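Engineer: quick one: sequence plus predicted model below, questions after.
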Amino acid sequence: MTGTESRPERGILTAIIVAAGYSFRMKQFKPLLPLGGITVIEQAVHSFLDNGFKDIRVVVGHRGNELFPLLENLGVRIIVNTNYSEGMFSSVQAGVKSLTSETAGFFLLPADNPLIKRHTLEMMEDTFFSKQESIVYPSFQGERGHPPLIPSCYVNDILKWNKPGGLRAMLEQYDDDAVEVQVEDLGVLLDMDTPEDYCKLLDYIGDTLLPSEEECYEIIKKAETPLNVIKHSKQVAALCCAIGSCLRSSGCRLNLDLIKAAALLHDLAKGQPHHAQVGSSMLMNYPMVAKIVAEHTDICTNIEQTISEKEVVYLADKFVKDEQIVSLKDRFAAPLKQHQNDPDALKKIQRRYLDAEWIKTKIEKIINMPLSELLS
């Protein structure tokens, strides 16, 4: 099944994501913590969005107003639980209460269990529709995880349940009807109740080790990067963040912190021969940043790939001459004229110009607006 396919012949499945709690043990608001270049709540939504789900509902409560902009951009339905102080089960009930009669079943995912793989959901769906009225659990190495896939025939029982133990206790009454699907997905067991749990999630997803902005300037200082280059890099970073934010709003999963760090450091070794490679070699503690820095002069592009952080940095650098934002035509005019009698150098410059134009066109198609509007 592809992410764009609908499921009308199998009935409608809904995803309910619960993100209304206080995050007491974490001591930070879990849904907005960074994870994989986006927030935890965005990761949870994308688990379903990337698998073609059309009906995704997120239950909010505590600090819900801070989640509204992110969720509205993702196009999900927001359910406000005014009784969130009563505990997680009240949010489960709020989400379940919103379901329509067309819903065949629903996944129930706590927002702090955000990393569910696509093939896990597909296997659970196949099992659900082959075993009528069975509660389907994902299981990794014999241990049940999240999210359960619950048939709609249990909706009334959930709404009426008023005994201790919440949803787990209610579903245990029907354990004879439960089916476990063995999946190759550790994510079904990875929640983030505590800071230690959060660190495990970061390790699992392979989050990039990034220098903070202050650390970037310390790296620049140590490299003795000229002041005029630093000013250029700051302008490139500002433009990168603007372009990256537009792409994020249009559905691209970009790590803005990675983009900013790479932009600030891209000309770290400016003035030295092969400065892109030299700068990259100075950033070995930050491999993803180093990779972008290495390609900011000459980029390896693939027409079939989506826009990534390196394309954003490459293009923004080409839009900035010294500290000024200019058109690509103006940016390349002087180098093309300077090297017009040097075929090898001219060929490289033309290649860079074409790569920049190609990236620009691709970004404009994604954000559905000319970049000239953003630059102005």
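Structural biologist: Noted; the coordinates are in hand.

Engineer: what's near enough to touch Pro110?
Structural biologist: Listed by C-beta atoms under 8 Å, 6 or more residues apart in numbering, the contact set of Pro110 reads 17-19, 88, 146, 191. (Each C-beta comes from the backbone N, C-alpha and C, glycine too.)

Engineer: try it again at 7 Å.
Structural biologist: By C-beta atoms under 7 Å, 6 or more residues apart in numbering, the contact set of Pro110 is 18, 146, 191.

Engineer: please apply the same query to Asp157.
Structural biologist: Contacts of Asp157 by C-beta under 7 Å, 6+ apart are Met170.

Engineer: which strand or helix spans it?
Structural biologist: helix 155-160 (DSSP states H and E).

Engineer: which other helices and strands contact whatever helix or strand comes next after that helix?
Structural biologist: Where DSSP H and E defines the elements, the next helix or strand beyond helix 155-160 is helix 166-172. The elements that helix 166-172 packs onto, with contact taken as 3 or more C-beta pairs under 7 Å, 6 or more residues apart in numbering; DSSP states H and E, are helix 88-97, helix 155-160.

Engineer: ok, 6 Å please
Structural biologist: Applying 3 or more C-beta pairs under 6 Å, 6 or more residues apart in numbering; DSSP states H and E, one finds that helix 166-172 contacts helix 88-97.

Engineer: which strands or helices does the helix it packs on pack on?
Structural biologist: If contacts are counted by 3+ C-beta pairs under 6 Å, 6+ apart, helix 88-97 sits against strand 56-60, helix 155-160, helix 166-172.

Engineer: which one of the ones you listed lies nearest to Leu256?
Structural biologist: Among these, the nearest to Leu256 by C-beta to C-beta is strand 56-60 (21.8 Å).

Engineer: out of the contacts of Pro110, which is most surrounded?
Structural biologist: Within these, neighbour counts (other C-beta atoms under 10 Å) peak at Val18, which reaches 29 neighbours.

Engineer: so that residue sits against Val59, correct?
Structural biologist: Yes: judged on C-beta atoms under 6 Å, Val18 makes contact with Val59 at a distance of 4.9 Å.

Engineer: intersection of neighbour lists for those two?
Structural biologist: Ser91 (C-beta atoms under 6 Å, 6 or more residues apart in numbering).

Engineer: same question for the helix holding Asp157: list its buried residues.
Structural biologist: Residues 155, 158 are the ones in helix 155-160 that count as buried (16 or more other C-beta atoms under 10 Å).

Engineer: check stretch 136-145 too.
Structural biologist: Across stretch 136-145, burial judged by 16+ other C-beta under 10 Å covers 136-140, 145.

Engineer: next one: stretch 355-369
Structural biologist: 355-356, 359-360, 362-364, 367.

Engineer: same check on stretch 11-27?
Structural biologist: For stretch 11-27, a neighbour-count test (16+ other C-beta under 10 Å) marks 12-21, 23, 26 as buried.

Engineer: closest to Val278 out of those?
Structural biologist: Using C-beta to C-beta, the buried residues of stretch 11-27 come closest to Val278 at Met26, 41.3 Å.

Engineer: any idea of the pLDDT on the closest one?
Structural biologist: As summarised for this prediction, Met26 has a pLDDT of 80.

Engineer: secondary structure class of it, three-state.
Structural biologist: The three-state label for Met26, taken from DSSP: H, G, I helix; E, B strand; the rest coil, comes out as coil.

Engineer: who's in contact with it?
Structural biologist: So Met26 contacts nothing (C-beta under 6 Å, 6+ apart).

Engineer: need the pLDDT of the closest residue in space to Ser23 that isn't next to it in sequence.
Structural biologist: Using C-beta to C-beta, 6 or more residues apart in numbering and skipping the chain neighbours, the partner closest in space to Ser23 is Lys30 (4.5 Å). On the pLDDT scale, Lys30 is placed at 92.

Engineer: so where do the strands sit in the stretch 251-376 of the chain?
Structural biologist: In the stretch 251-376 of the chain, the strands defined using DSSP state E, counting those that start in this stretch lie at 320-321, 324-325.

Engineer: adding mean neighbour count, write those out as TSV.
Structural biologist: Converted to TSV, the strands of the stretch 251-376 of the chain look like this (neighbours: other C-beta atoms under 10 Å):
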stretch	mean neighbour count
strand 320-321	19
strand 324-325	14
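
Engineer: report the separation between Val155 and Val136.
Structural biologist: As for Val155, its distance to Val136 is 16 Å (criterion: C-beta to C-beta, to the nearest Å).

Engineer: and what of Arg57?
Structural biologist: 19 Å.
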